[in-house]
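Chemist: Here you go, sequence then predicted model.
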Amino acid sequence: MDVSELKMLPAGESDGTKVCVKVPGPTLTYQNIHYCIRESRGPCRKRGPEREILKNVSGIMKTGLNAIMGATGSGKTSLLDVIAGRKDPRGLRSGQVLVDNKVVTSDLRLMSAYVVQDDILMGTLTVRENLLFSGNLRLPRKQCSTADKEKKVESIIQELGLEDCADTKIGTEFIRGVSGGERKRCSIGMELITSPTLLFLDEPTTGLDSNTANSIIALLHRLSRGGRTIIFSIHQPRYSIFRLFDHLTLLHKGETVYAGPAGKAMDYFQSLGYTCEAFNNPADFFLDITNGEALSSMPTVTWFSGSKVSLCSLEKSLAELYRESHYCAAVKEELKCITGRSDPSSEAKSKAASYATSFFYQLKVVCWRTMLNVVRNPQTSYAQMAMNIICALLIGLIYYQMPLSLREALQNRIGAFFFLIINMVFGNLSAVELFINERAIFVHENSGGYYRTSVYFLSKVFVDLLPNRIVPIFIFSSICYYMMGLNPSFTAFLCFALTMSMVSLAGVSLAFLVSASVSTFAMANVLIALPFVFMMVFGGFLVNLNSMLNWLSWLKWASIFKYGLDAVTINEMKGQVFYSVNATLTGEMYLQSQGIDYSLWGFWQNQVALLGIVLVCMTFAYIQLRRINRWK
Ligand SMILES: Nc1ncnc2c1ncn2[C@@H]1O[C@H](COP(=O)(O)OP(=O)(O)OP(=O)(O)O)[C@@H](O)[C@H]1O
């Protein structure tokens with residue numbers, strides 16, 4: 001593209017003139033932002049030295065399309081996150097972000113909308129269902145009836161051109177879903193549901209082909225003409241995309257090298273002595289300048305990009321030149337006026353932002369989605385059920401109709417119980433993936449104000465834990481219990497099934513705790529296997545707990561295996577009589593010899609202990625979920 005030609009092109013709206021809209025969107029200003037990060041290094045995660053990734057950046061973003069461009073690692077996403085209130089505030093050394101002259105805190109997250117780079121959507125739900133989920137949770141019920149929400153979803157589907165795929169599932173690694181562009185549109189739609197006037201997007205075109213990228217930016221352009229301030233980071237846009245930008249912020253190594261009307265950027269760099277070759281894309285040209293690939297003909301411009309230094313001189317960097325330009329002076333002047341008018345009491349007001357819907361309504365909507373997800377992604381539930389039935393049949397066959405004759409009566413029973421408990425505890429290892437799999441979606445939705453952490457946690461307990469873990473265990477118990485020929489009384493069967501369920505729940509809750517505490521499967525597997533193996537050793541089958549060193553034997557009180565094994569042994573042995581050729585042995589005698597309290601409370605204290613483990617692990621799992629880092 002020739003430079004002279006560029007001026008003739010219809011970049012009218014991006015030439016610095018005000019965008020004409022009936023009701024303008026908010027004006028976002030940021031001033032003197034210094035942002036630092038400190039990376040952890042080495043195996044001990046020692047804190048390294050501080051690195052400044054945003055260096056004294058200031059700017060004004062108004063109604064229209066505001067693009068943040070720069071080479072990779074220049075700080076585009078960091079700047080976007082800081083002004084959107086998504087970046088860890090501990091790194092902010094100085095600076096202030098104002099929206100319509102009001103100081104904003106992190107609660108800007110609940111008042112604006114942010115579309116993340118990787119579209120975070122529930123893959124098993126259709127486009128319409130995802131949009132409705134967002135609408136149900138983020139639109140206040142008092143002002144918006146169910147019919148209104150459905151109407152709103154319908155209008156967004158039309159506005160975003162999603163009619164053809166509205167009832168298609170988004171898609172998962174197992175289900176083929178909508179295309180990348182449709183996915184991105186749906187992500188934007190999830191945020192548009194609240195009709196935000198301030199919209200942030202992190203690299204909305206990355207990973208899309210150029211036509212789809214074009215249509216996404218054209219869509220954003222259309223939305224901005226409805227009175228929205230749209231701020232986004234972007235990598236090397238093609239010209240047809242670039243010419244839609246109203247405002248451009250160009251960054252290099254955390255410093256602003258240009259901030260002003262997108263249509264004036266070419267003139268600015270030409271005034272610095274840079275020449276855009278014919279047919280070159282201006283966006284590519286600007287990046288070539290910041291990367292030091294394009295050289296200036298002016299003797300005052302230098303470039304400190306690695307070892308590349310312009311031959312012409314050693315005087316000023318592009319950032320310094322920008323600071324001396326009239327664009328920077330105009331921004332400073334405007335910022336001075338805005339800061340003078342800013343309302344100091346607005347910080348308190350912004351803190352009042354909260355969830356749009358009540359706890360119970362959120363619980364209903366999130367439980368419904370979790371259930372749909374389980375039903376439409378049944379592999380895990382089916383596998384769980386099939387595993388339980390196969391294991392029950394195998395155990396039933398191995399210990400088929402156990403006799404009452406000594407020694408096999410005792411050996412087989414204790415062996416069978418130990419095997420059953422192992423099966424119950426280790427059969428729940430799959431639960432460690434629960435919060436790891438959905439971590440990104442939970443963090444995104446929770447920090448976007450969709451629902452409370454407690455709502456998400458309880459939805460997992462009600463929809464995943466109870467039906468997925470308890471029902472299969474009752475089926476498992478009813479198959480193997482009668483095949484093994486254990487105590488035929490129905491009450492004894494119920495006590496057996498209850499013990500199995502409690503053991504399983506205790507195993508799952510420990511898996512939940514690990515799952516909520518770490519972010520990788522590898523780490524979760526290590527952390528869950530270790531306590532399970534130690535609990536097994538202290539279960540009372542592999543070693544006699546009474547003969548253990550005193551200072552070590554207390555560990556048995558934390559063993560799920562011990563409580564489970566004691567409970568099923570009491571349930572089976574009490575009242576039984578075993579015999580050999582010349583002697584008889586009562587179950588009570590055996591229990592006494594093992595130091596097991598076989599009174600009624602003796603049985604129930606094991607259930608109480610298991611319940612205690614469940615409650616403690618669940619409470620800590622919830623605390624860990626709350627502690628997950630929401631900052632970027
Ligand atoms: N939380 C963080 N921890 C460590 N380093 C960080 C963090 N956030 C940003 N950085 C560093 O800050 C610099 C700027 O990162 P940022 O993601 O903002 O760049 P970018 O211009 O968006 O890059 P890209 O286009 O590749 O996404 C990079 O060097 C990055 O490694």
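Modeler: That came in fine, so what should we check first? Residues are numbered from 1 along each chain as shown.
Chemist: make it CA atoms for all contacts and neighbour counts henceforth
Modeler: OK.
Chemist: residues touching the closest residue to residue 504 other than its chain neighbours, list them.
Modeler: Take residue 504 and drop its neighbours on the chain: the residue closest to it by Cα to Cα, 6 or more residues apart in numbering is residue 424, 5.1 Å away. Contacts of residue 424 were listed using Cα atoms under 8 Å, 6 or more residues apart in numbering, and they are 500, 503, 504, 507.
Chemist: Residue 424 is in what secondary structure piece?
Modeler: Under DSSP states H and E, the secondary-structure element containing residue 424 is helix 408-426.
Chemist: can you give me how far that helix is from the chain middle?
Modeler: Relative to its parent chain, helix 408-426 has a centroid offset of 40 Å by Cα atoms, centre = their mean, to the nearest Å.
Chemist: for the following helix or strand past it, packing partners?
Modeler: Sequence-wise, the next helix or strand downstream of helix 408-426 (DSSP H and E) is helix 434-437. Based on contacts counted as 3 or more Cα pairs under 8 Å, 6 or more residues apart in numbering; DSSP states H and E, the elements that helix 434-437 packs against are helix 490-517.
Chemist: buried residues in the helix it packs on?
Modeler: Neighbour-count burial for helix 490-517 flags 492-493, 495-517 (criterion: 16 or more other Cα atoms under 10 Å).
Chemist: Does residue 540 touch residue 562 like I think?
Modeler: Yes. Counting by Cα atoms under 8 Å, residue 562 is a contact partner of residue 540 at 5.9 Å.
Chemist: Same drill for the two, tell me which one is more crowded.
Modeler: Taking neighbours as other Cα atoms under 10 Å, residue 540 and residue 562 compare with residue 562 leading, 24 against 20.
Chemist: Name the residues that touch the helix or strand where the more buried one lies?
Modeler: Taking DSSP H and E as the criterion, the element that holds residue 562 is helix 560-573. Residues from elsewhere that reach helix 560-573, judged by Cα under 8 Å, 6+ apart: 414, 417-418, 421-422, 486-487, 492, 495-496, 499-500, 503, 506-507, 535-536, 538-540, 556, 586-588, 590-591, 596, 598, 603-604, 606-607, 609-610, 613.
Chemist: Buried ones in the helix holding residue 424, by neighbour count?
Modeler: By neighbour count, and taking 16+ other Cα under 10 Å as the criterion, the buried residues in helix 408-426 are 410, 412-414, 416-418, 420-426.
Chemist: again, but for stretch 231-241
Modeler: Going by neighbour count (16+ other Cα under 10 Å), the buried part of stretch 231-241 is 231, 232, 233, 234, 235, 236, 237, 238, 239, 241.
Chemist: got it, and stretch 528-543?
Modeler: 528, 532, 535, 536, 537, 538, 539, 540, 541.
Chemist: how about the closest residue to residue 29 other than its chain neighbours, secondary structure?
Modeler: Closest residue in space to residue 29, ignoring its immediate chain neighbours: residue 60 at 4.4 Å, by Cα to Cα, 6+ apart. Judged by DSSP: H, G, I helix; E, B strand; the rest coil, the three-state class of residue 60 is strand.
Chemist: isn't residue 60 right next to residue 66, touching?
Modeler: No. Here residue 60 lies out of contact with residue 66, judged by Cα under 8 Å, at a distance of 9.4 Å.
Chemist: Quick one: the strands in the stretch 151-300 of the chain, in order.
Modeler: When assigned using DSSP state E, counting those that start in this stretch, the strands of the stretch 151-300 of the chain occupy the ranges 198-202, 229-233, 247-252, 255-261.
Chemist: other SSEs contacting the second one?
Modeler: Pointing back at strand 229-233 there. Based on contacts counted as 3+ Cα pairs under 8 Å, 6+ apart, the elements that strand 229-233 packs against are strand 64-70, helix 76-83, strand 198-202.
Chemist: and among the ones you listed, the most buried is which?
Modeler: Most buried of the helices and strands packed on strand 229-233, by mean neighbour count (mean count of other Cα atoms under 10 Å): strand 64-70, with a mean of 28.
Chemist: Angles on the backbone of the residue nearest to residue 52 when sequence neighbours are not counted, please.
Modeler: Nearest residue to residue 52 in three dimensions, chain neighbours excluded: residue 36, at 4.2 Å (Cα to Cα, 6+ apart). Listed backbone geometry of residue 36 is phi -120, psi 150, with angles given as degrees, to the nearest 10.
Chemist: Which pLDDT value does the model give residue 533?
Modeler: At residue 533 the predicted local distance difference test score is 86.
Chemist: could you measure it against residue 523, distance?
Modeler: When Cα to Cα, to the nearest Å is the yardstick, residue 533 and residue 523 sit 16 Å from each other.
Chemist: Residue 162 too?
Modeler: As defined by Cα to Cα, residue 162 lies at a distance of 40 Å from residue 523.
Chemist: more crowded one of the two?
Modeler: The residue with more neighbours, out of residue 162 and residue 523 and counting by other Cα under 10 Å, is residue 162; that gives 19 against 13.
Chemist: so that one sits right up against residue 184, yeah?
Modeler: No. The pair formed by residue 162 and residue 184 falls short of the contact definition of Cα under 8 Å, at 10.8 Å.
Chemist: And the residue nearest the centre of the chain, how close does it get to residue 201?
Modeler: Centroid-nearest residue in the chain: residue 440, 1.9 Å away (criterion: Cα atoms, centre = their mean). Here the distance between residue 440 and residue 201 works out to 17 Å (Cα to Cα).
Chemist: do the same with residue 504
Modeler: From residue 504 over to residue 201 the distance is 44 Å, taken as Cα to Cα.
Chemist: residues in contact with residue 65?
Modeler: With contacts defined as Cα under 8 Å, 6+ apart, residue 65 is in contact with 220, 221, 224, 229, 230, 231, 232, 244, 245, 246, 247.
Chemist: Just give me the neighbour total for the last one.
Modeler: When counting by other Cα under 10 Å, one arrives at 27 neighbours for residue 247.
Chemist: Surely it and residue 258 touch.
Modeler: No. Counting by Cα under 8 Å, residue 247 does not reach residue 258; the two are 10.1 Å apart.
Chemist: re the thing from before, the buried residues of helix 408-426 into CSV, with extra columns for pLDDT?
Modeler: Below are those laid out as CSV (pLDDT from 0 to 100):
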residue, pLDDT
410, 86
412, 87
413, 88
414, 88
416, 90
417, 90
418, 89
420, 90
421, 91
422, 90
423, 88
424, 87
425, 88
426, 87
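Chemist: Among the residues you listed, which one lies nearest to the ligand?
Modeler: Closest approach to the ligand among the buried residues of helix 408-426 (Cα to the nearest ligand atom): residue 426, at 36.2 Å.
Chemist: re the thing from before, thought the residue nearest to residue 52 was touching residue 89?
Modeler: No. Taking contact to mean Cα under 8 Å, the distance of 9.9 Å between residue 36 and residue 89 leaves them out of contact.
Chemist: In terms of packing, which of those two has more residues around it?
Modeler: Taking neighbours as other Cα under 10 Å, residue 36 and residue 89 compare with residue 36 leading, 20 against 15.
Chemist: Look at residue 51 and give its secondary structure.
Modeler: strand.
Chemist: which residues does it bridge with?
Modeler: residue 37 (DSSP bridges).
Chemist: Identify the residues contacting it.
Modeler: When the contact criterion is Cα under 8 Å, 6+ apart, the partners of residue 51 are 36, 37, 38.
Chemist: just those residues that are near the ligand?
Modeler: Filtering those for proximity to the ligand (criterion: Cα under 6 Å from any ligand atom) leaves residue 37.
Chemist: mind checking pLDDT for residue 503?
Modeler: The predicted local distance difference test score for residue 503 is 93.
Chemist: can you check the one 3 residues further on too?
Modeler: The predicted local distance difference test score for residue 506 is 92.
Chemist: What parts of this protein come near the ligand?
Modeler: With Cα under 6 Å from any ligand atom as the criterion, the chain meets the ligand at residues 37, 39, 53, 71, 72, 73, 74, 75, 76, 77, 78, 632.
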